[in-house]
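Colleague: Whatever this is, show me its structure:
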Amino acid sequence: MMVLIVIALFNALRQPLAIWLTVPLALIGVTGGLLVTAQPFGFMALLGFMSLSGMLIKNAIVLIDEIEVQKRSGVEIFQAIVTSGVSRLRPVAMAALTTALGMIPLLFDAFFIAMAVTIIAGLIIATVLTMVIVPVLYATFFGVRVPETA
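Modeller: Next comes the predicted model:
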């Protein structure tokens, strides 16, 4: 259902594909976090991963939407990708940081620790990777080349 909503949002397939290809990047942080804290990937961790995927999709939508807005305003596509990444870094990073900090009290609860570790580790790692991978995927899918300077 979420995939259909994102496709309807952009009325295309390439942008949602770039967005959804970033979700598996969260597994890097989730796996590392669960291994470091010796927590099992049980139901609460799975619930945390589902929440995490929604947050990552939101971050990628914010970035892709800004690229599209700048593109429609007449900015050259390569410059729109670079400028969007720079201008959306702070809002995306702040949203991820506040969510991660909000999960800290759950680290001390035996029932919610796996979910908290999943969200914190996955969000921190995947946010960094999303801010790099989404512009790269967008440029790849749309055949954007680096402009040559004279």
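
Colleague: where's the helix or strand bottoming out on mean pLDDT in the chain relative to the chain centroid, distance-wise?
Modeller: Every helix and strand in the chain was compared by mean pLDDT, DSSP states H and E; the lowest is helix 2-10, with a mean of 84. Mean C-alpha position of helix 2-10 versus that of the full chain (C-alpha atoms, centre = their mean, to the nearest Å) differs by 16 Å.

Colleague: And it, what's buried?
Modeller: 6, 7, 10 (16 or more other C-beta atoms under 10 Å). C-beta coordinates here come from the backbone N, C-alpha and C atoms, glycine included.

Colleague: What of stretch 25-39?
Modeller: 25, 26, 29, 30, 33, 34, 39.

Colleague: Now, those that are in helices?
Modeller: Among these, DSSP state H puts 26, 29, 30, 33, 34 in helices.

Colleague: could I get those as TSV with pLDDT and distance to residue 132?
Modeller: Below are these laid out as TSV (pLDDT from 0 to 100; distance: C-beta to C-beta, whole Å):
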residue	pLDDT	distance to residue 132
26	86	14
29	89	14
30	91	18
33	92	20
34	92	23
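
Colleague: wait, which of these is closest to residue 62?
Modeller: residue 26 (16.3 Å; C-beta to C-beta).

Colleague: The closest one contacts residue 50, correct?
Modeller: No - with contact defined as C-beta atoms under 8 Å, residue 26 and residue 50 do not form a contacting pair (10.6 Å).

Colleague: Would you map the helices across this structure?
Modeller: 2-10, 14-20, 26-37, 43-72, 77-102, 113-141.

Colleague: so which of those helices gets nearest residue 147?
Modeller: helix 77-102 (5.6 Å).

Colleague: Can you name every helix or strand that that closest one contacts?
Modeller: Under the contact criterion of 3 or more C-beta pairs under 8 Å, 6 or more residues apart in numbering; DSSP states H and E, helix 77-102 touches helix 43-72, helix 113-141.

Colleague: Which positions in that helix come out as buried?
Modeller: Quick answer for helix 77-102 (16+ other C-beta under 10 Å): 77, 80, 81, 82, 84, 85, 88, 92, 95, 96, 99, 100.

Colleague: Next, name the residue at the spatial heart of this protein.
Modeller: residue 56 (3.3 Å; C-alpha atoms, centre = their mean).
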